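here is my input; please provide its structure:
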Amino acid sequence: MGVIKRGVKLHILFIDSNRYGLDALRKAKALGHQVSFISSEQWQLYSAQDKASLSCVDYWKELPDTNHPQQVLQVAQDIHQQSPIHAVICTLEPAMRSAAYVAQALQLPFTSVEAVNICRDKDKTRERLAQHHIPSAQYHYAETKEELLACIQKIGLPVILKPRSGAASLMTYRLNTLADFDGVWHEIETTRKQLPEAIQQEIGFGVLVEEYLKGKIISVEIARREQNYFVFMVSARHRSVEKETEEVGISMPAAIDEDTWDSAVSYAKQVIEAIGLDFGLFHIEIMLTDKGPRLVEANPRMMGGSMPRLYQNLTGQDLYETLIALYSGQAFSVPNPHDFGFIATRRFQLAQSCVLAKPFDTQLVEKYRPCIKSLQWDLPQQYPQTLPAGYILGRVQLQMKDNAALESLIEQLFRDIETAYPSLQLRRSMDK
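Numbering: from 1, shown residues only. Below is the predicted model:
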């Protein structure tokens, strides 16, 4: 999509993205950099409108998918020959292997191919932690229904079932009783077959069985450059009461005491070093159990989804700009995450199916406007409308100085909506 331009600051190659990650490309252009973009048809996780907004990039090549490192490298080398690439950046987890491969071939800073592979295969992650004597959940990997049942019996119920490689809690289940086993297995197989072939290949065809960990989930947002660490945030993850493997929101910073915060950060660093994540901005999810921190998963990419915007709304710092500075060898600042109060994002997500008989009145939230940092709606266009369980009416970000007051405000907002629409029940967080 155009001839590669010369004479600008740096040439940055972005390898695939979701809709939120496109902000990084736009930021790079706003900073005056030359931007090339390799995207995929299979992993096109953004709208036609988002795609149209990328006319600002200098060069754009779309491949069938970005999961084949050698194919991505061939395109990258062609681009590099026209105009030398100074940095490779990737915010989309399924494309991280290819990005690491390209960066290694072009001798550019990136975390190692081996480390990315370990992160993407969650059983390898657990194996590496065990080799370094880092506390972790029990786990087994199964490829057949019979193997899966045997693994579950070894660990003991309840257990978490998930793909060995995946994202966004796709095909993740909590199994409480063996009476539910056949139903969950059927759902896993049915869901897998409905996915595009490239996604099936990415997540693999077996099932990882993990010990169920009880506690509070947080994530450590942390960068590493050589031996220097930069802690940007410890975030709280809010799981749904109805299905705890799915999230309903995120809070920043996590409302935990100083010792717990320090323990989580220390544990995240141990995980990073054990895996070999030697360069980059990482998203390390951790369960705070009564026995101490335990890894949920290690992501070789920065925090995803709406989290960078949530972080910016809290601190005023654009984390995509920081990401660009990190990968281009420039200096960047790290705000104290405790200096700004608390911010939370929540989904207006249905706990059960309902009939919405009349148009939704968005004025219900106006009295909360002083605390609202962001508000988006995705409402039906026609009424009455039958909406399925899990439907998301919208999303809101709210900020206050006190976390307890913020949580109380969110609950009051949800109650106001449910009072106005008695047929409607919103999902709540199981994490307080």
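
find the nearest non-adjacent residue to residue 308, please.
residue 319 (4.5 Å; C-beta to C-beta, 6 or more residues apart in numbering). (C-beta placed from N, C-alpha, C; glycine too.)

in terms of residue numbering, what are the domains of the chain?
11-110, 138-211, 214-340, 343-431 (the TED database).

could you pull up phi and psi at the residue nearest to residue 308?
phi -70, psi -20 (degrees, to the nearest 10).

give me the residue at the spatial middle of this protein.
Nearest to the mean C-alpha position of the chain, by C-alpha atoms, centre = their mean, lies residue 304 at 3.8 Å.

residue 36 belongs to a helix?
No - read with DSSP: H, G, I helix; E, B strand; the rest coil, residue 36 is strand and lies in no helix.

number of nearby residues for the closest residue to it other than its chain neighbours?
Nearest-residue entry for residue 36: residue 59, 4.3 Å, with adjacent residues in sequence omitted and distances by C-beta to C-beta, 6+ apart. For residue 59, the neighbour count with other C-beta atoms under 10 Å is 21.

and what of residue 64?
Applying other C-beta under 10 Å, I find that residue 64 has 11 neighbouring residues.

could you do residue 243 as well?
So residue 243, with other C-beta under 10 Å, has 18 neighbours.

now it, what are its backbone angles?
phi -150, psi 100.

residues contacting residue 245?
160, 169, 172, 173, 174, 239 (C-beta atoms under 8 Å, 6 or more residues apart in numbering).

so the fifth one sits in a strand?
Yes - inclusion of residue 174 in a strand is indicated when three-state DSSP is applied.

roughly how far apart are it and residue 430?
Residue 174 is 12 Å from residue 430, where distance means C-beta to C-beta, to the nearest Å.

the third one too?
Taken as C-beta to C-beta, the spacing of residue 172 relative to residue 430 amounts to 15 Å.

looking at those two now, which is surrounded by more residues?
Neighbour count, other C-beta under 10 Å: between residue 172 and residue 430, residue 172 has more, with 18 against 14.

list the buried residues in the helix or strand of the chain with the lowest mean pLDDT.
Least confident helix or strand, the chain: helix 197-203 with a mean of 76, by mean pLDDT, DSSP states H and E. Under the neighbour-count criterion of 16 or more other C-beta atoms under 10 Å, helix 197-203 has 198, 199, 201, 202, 203 buried.

let's have these in JSON lines, adding distance to residue 379.
Shown next, in JSON lines, are the buried residues of helix 197-203 (distance: C-beta to C-beta, whole Å):
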{"residue": "198", "distance to residue 379": "32"}
{"residue": "199", "distance to residue 379": "29"}
{"residue": "201", "distance to residue 379": "36"}
{"residue": "202", "distance to residue 379": "33"}
{"residue": "203", "distance to residue 379": "32"}
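
so which pair among those residues is furthest apart in space?
For the buried residues of helix 197-203, the maximum inter-member distance is 10.0 Å, found between 198 and 203 (C-beta to C-beta).

only the buried residues of stretch 348-366, if you could.
348, 349, 350, 351, 354, 356, 360, 365.

and residue 65, that one's in a helix?
No - read with three-state DSSP, residue 65 is coil and lies in no helix.

correct me, but it touches residue 38?
No - using C-beta atoms under 8 Å, residue 65 is not in contact with residue 38, being 10.7 Å away.

in which helix or strand would I find residue 26?
Residue 26 is part of helix 22-30 when elements are defined by DSSP states H and E.

now the strands for the stretch 51-200 of the chain?
59-63, 87-89, 139-142, 159-162, 173-175 (DSSP state E, counting those that start in this stretch).

hmm, who's touching the second one?
Strand 87-89 has contacts (C-beta under 8 Å, 6+ apart) with 10-15, 24, 76, 99, 102-103, 106, 108-110, 323-324, 327-328.

try it again at 7 Å.
For strand 87-89, contacts defined as C-beta atoms under 7 Å, 6 or more residues apart in numbering pick out 10, 12-15, 24, 99, 102-103, 106, 108, 110, 323, 327-328.

spit out the contact partners of residue 159.
152, 175, 209, 210, 211, 212.

I misspoke; the intended subject was residue 149.
By C-beta under 7 Å, 6+ apart, the neighbours of residue 149 are residue 181.

make a markdown table out of the domains of the chain and add distance to residue 122.
A markdown table is the format used below for the domains of the chain (distance: least, C-beta to C-beta, whole Å):
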| stretch | distance to residue 122 |
| --- | --- |
| domain 11-110 | 12 |
| domain 138-211 | 5 |
| domain 214-340 | 6 |
| domain 343-431 | 22 |
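
low pLDDT regions in the stretch 1-150 of the chain?
Counting by pLDDT under 70, the stretch 1-150 of the chain shows low-confidence ranges at 1-8, 43, 45.

which residues in it form helices?
22-30, 48-52, 69-82, 96-106, 113-120, 122-131, 145-155 (DSSP state H, counting those that start in this stretch).

quick one: distance of the third one to the chain centre.
When C-alpha coordinates are averaged (C-alpha atoms, centre = their mean, to the nearest Å), helix 69-82 and its chain have centres 27 Å apart.

tell me what that helix is packed against?
strand 11-15, strand 34-40, strand 59-63, helix 96-106 (3 or more C-beta pairs under 7 Å, 6 or more residues apart in numbering; DSSP states H and E).

and among those, the most buried is which?
strand 11-15 (a mean of 26; mean count of other C-beta atoms under 10 Å).

list the strands paired with that one, with their directions.
strand 34-40 (parallel), strand 87-89 (parallel) (DSSP bridges).
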